[in-house]
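Colleague: predicted model follows, preceded by the sequence.
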Amino acid sequence: MHLPPSTEISKVSSYPGSNFIITVDDASRFPVTNGILYINGVLIEYSHRSIDQFFDCKYYSGTTLTAGVGDEVISWGRKKYTVVWGINQSIKKGDFRYYKDNLYKAVSDGITSSINGPSHTSGVKRDGTMLHLHFR
């Protein structure tokens, strides 16, 4: 049986939707870069960590993260693909892009154009001159 690394929050902070830091007792067993945390029902991505902090944290769940000293922080995994979808990006067939909680895979070459980003959660949709598949 494999148990994911866990720790506890050691400093109270505010948790806006993006660009915040989470301070914990010990982060040494968590992925060094591109990790995902689970705190009180919310998945949080971070870009990198130190021995006791997670940096550039963000979440998209549409809820507010409320967490205090002693709350459990669980490692949810690591993102293999970290490029975020953007308008007017040149994308090659097979490229991956994240947008909010969704991962998309290009099924054709092209350029993105949607102002609001992709929103579909299944199948293939056109965006600009390219097609992308909702991957997960």
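Modeller: Thanks, I have the structure now.
Colleague: quick one: average pLDDT of stretch 127-135?
Modeller: Averaging pLDDT along stretch 127-135 yields 82.
Colleague: tell me which element His132 is part of?
Modeller: strand 130-134 (DSSP states H and E).
Colleague: what pairs with that strand, parallel or antiparallel?
Modeller: Partners of strand 130-134 in the sheet, by DSSP bridges, are strand 102-106 (antiparallel), strand 124-127 (antiparallel).
Colleague: could you report the neighbour count for the residue nearest to Gly117 when sequence neighbours are not counted?
Modeller: Of all residues not flanking Gly117 in the chain, Tyr99 sits nearest, at 4.4 Å (Cβ to Cβ, 6 or more residues apart in numbering). (Glycine included, C-beta is placed from N, CA and C.) Tyr99 has 19 neighbours, counted by other Cβ atoms under 10 Å.
Colleague: over to Glu45?
Modeller: If you count neighbours by other Cβ under 10 Å, Glu45 ends up with 21.
Colleague: neighbouring strands - and their directions - for whatever helix or strand it lives in?
Modeller: Following DSSP H and E, the helix or strand that holds Glu45 is strand 42-49. In the sheet, strand 42-49 lines up against strand 33-39 (antiparallel), strand 53-58 (antiparallel) (DSSP bridges).
Colleague: circling back to that earlier point, just put the strands paired with strand 130-134 in CSV and tack on distance to Tyr60.
Modeller: Formatted as CSV, the strands paired with strand 130-134 follow (distance: least, Cβ to Cβ, whole Å):
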stretch, distance to Tyr60
strand 102-106, 9
strand 124-127, 19
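Colleague: so what's the residue nearest the centre of the chain scoring on pLDDT?
Modeller: Nearest residue to the geometric centre of the chain (Cα atoms, centre = their mean): Glu45, 4.0 Å. pLDDT for Glu45: 90.
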